[in-house]
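A.B. asks: coords below, sequence missing:
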């Protein structure tokens, strides 16, 4: 026993490992609370596996559910889910830092390193100030979003229930969680421009990243933005436009989705469905009724996800953009990869390649295993796995019917997607020391 304790003490708690263990601890706490009888409307425990799945989905801001959130969970259960979404969206370390600042505790160097890792920052400068900005801007945006939604929800549900609906959906949207308490996501509001636009804007803002917020607030012209901000805004706009046009084209005459709607409602639904696959699992149309072409399109959009340092998941917009630019540079025979008259470093290109490779590998392995454990078509299993890894929350109706093995695999996938594939690798892999020498360069044939 003493030997085991000594080994545990010797484990180096590096920033990635602290983040990984922090999210895991929060999931365990959420599992315990959601497993209580008081968390359900029936007064009966949901069971450990389902409680674990729901807690992981909330903490990882995914939105995949095994039961209807509005009908199954009590006010206590819904409150626990909302708190888990808020902490999971902002990040465990961000909330811990907020608590430390409130009680006047000094933020140590180790804690600053963890914050740097969590917020995907390249510098140690101004991390505490950034954390305060993250908290204040998040609460301000969520409060304003809830206020706008209340003008719709209060007349529909009454004052208290309308306020709760507004607060819940505003936080869920900004944190890109996708949990809903309407009972059928946003399907009842498919043609409501107000609700669709408010939720869409909250999702987009939550997926941009807080460093982008700061840059936009400091400068008012695009050419004065930092390179990262320009890249994020460009890729985001392109994906939103492409997603909307592609969805409209593939689903225009599909009676199971938007085929029977008038043109204005088709536009609203197409825009909304171009926003939510990028890690926010709301839906205003029947996802199970999508054509296979659209399903594959959604898989691509889900895998890309939002932007670094945001509440969104996926491999991130800048990762995807970097690989596209690298491919173009190789085809053109250019030595350097450039963006807005700036050269992208080899370390960023290598990191992007590693992230995408690890992500694709994880999704393929889990999807393949699910073909053995689950009775479903492969496309639906691939959709479910990608949705979990990218912390999106969209499903083709498969989630409630998953076996316990399937639920545990999807739970682990949500966790890996939220923490980040490379962060997981850095946290638990054995890190090698720098070599004192380099091997001679060799040549292989590729392509």
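C.D. replies: It's in. All values reported here derive from a predicted model rather than from experimental measurement.
A.B. asks: where does this protein dip in pLDDT?
C.D. replies: 1-16, 92-128, 220, 421-436, 443, 445-447 (pLDDT under 70).
A.B. asks: Going by neighbour count, list what's buried in the lengthiest helix in it.
C.D. replies: For the chain, the helix that runs over the most residues, judged by DSSP state H, is helix 127-157. For helix 127-157, a neighbour-count test (16 or more other Cβ atoms under 10 Å) marks 127, 130-131, 133-135, 138, 141-142, 145-146, 148-150, 152-154, 157 as buried. The way it works is simple: take the backbone N, C-alpha and C, and place the C-beta from them, glycine included.
A.B. asks: can you check stretch 238-257 too?
C.D. replies: 239-240, 243-244, 246-248, 250-251, 254, 257.
A.B. asks: circling back: for the longest helix of the chain, packing partners?
C.D. replies: Taking 3 or more Cβ pairs under 8 Å, 6 or more residues apart in numbering; DSSP states H and E as contact, the helices and strands that helix 127-157 lies on are helix 75-90, helix 92-102, helix 109-118, helix 159-174, helix 193-208, helix 210-218.
A.B. asks: Looking at the buried residues of stretch 238-257, which two lie furthest apart in space?
C.D. replies: Longest distance between any two of the buried residues of stretch 238-257 is 21.8 Å, between 239 and 254; criterion Cβ to Cβ.
A.B. asks: in this structure, which spans are strands?
C.D. replies: For the chain, the strands defined by DSSP state E cover 338-339, 342-343.
A.B. asks: now for the last one, which elements pack on it?
C.D. replies: When contacts are defined as 3+ Cβ pairs under 8 Å, 6+ apart, strand 342-343 packs onto no helix or strand at all.
A.B. asks: Contacts for it, please.
C.D. replies: 227, 336-337 (Cβ atoms under 8 Å, 6 or more residues apart in numbering).
A.B. asks: from the chain's centre, how far out does that strand sit?
C.D. replies: 29 Å (Cα atoms, centre = their mean, to the nearest Å).
A.B. asks: Neighbouring strands of it in the sheet, and parallel or not?
C.D. replies: strand 338-339 (antiparallel) (DSSP bridges).
A.B. asks: Need the residues that contact the strand it pairs with.
C.D. replies: 227, 230-231, 325, 329, 344.
A.B. asks: hang on, the earlier thing: same list (the helices and strands packed on helix 127-157) but as a markdown table, adding mean neighbour count.
C.D. replies: Formatted as a markdown table, these follow (neighbours: other Cβ atoms under 10 Å):
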| stretch | mean neighbour count |
| --- | --- |
| helix 75-90 | 22 |
| helix 92-102 | 17 |
| helix 109-118 | 19 |
| helix 159-174 | 22 |
| helix 193-208 | 22 |
| helix 210-218 | 18 |
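A.B. asks: right, and those helices - which one's nearest residue 302?
C.D. replies: Short answer: helix 193-208, nearest of the helices and strands packed on helix 127-157 by Cβ to Cβ, at 12.2 Å.
A.B. asks: by how many degrees do that closest one and helix 159-174 diverge?
C.D. replies: Computed by axes from the mean of the first three to the mean of the last three Cα atoms, to 10 degrees, the angle separating helix 193-208 from helix 159-174 equals 40 degrees.
A.B. asks: report the angle between the axes of helix 193-208 and helix 210-218?
C.D. replies: Relative orientation of helix 193-208 and helix 210-218, computed by the same axes, to 10 degrees: 110 degrees.
A.B. asks: Report the contact partners of the residue lying closest to residue 196 once chain neighbours are set aside.
C.D. replies: What sits nearest to residue 196 in space, not counting adjacent residues and going by Cβ to Cβ, 6 or more residues apart in numbering, is residue 272, at 4.9 Å. Taking Cβ under 8 Å, 6+ apart, we find residue 272 in contact with 186, 190, 196, 199-200, 282, 284.
A.B. asks: where's the spatially closest residue to residue 384 that is not a sequence neighbour relative to residue 291, distance?
C.D. replies: In this structure, residue 384 finds its nearest non-sequential neighbour in residue 398, 5.0 Å apart by Cβ to Cβ, 6+ apart. Using Cβ to Cβ, to the nearest Å, we find residue 398 at a distance of 17 Å from residue 291.
A.B. asks: Kindly report the same for residue 271.
C.D. replies: The gap separating residue 271 from residue 291 is 18 Å, by Cβ to Cβ.
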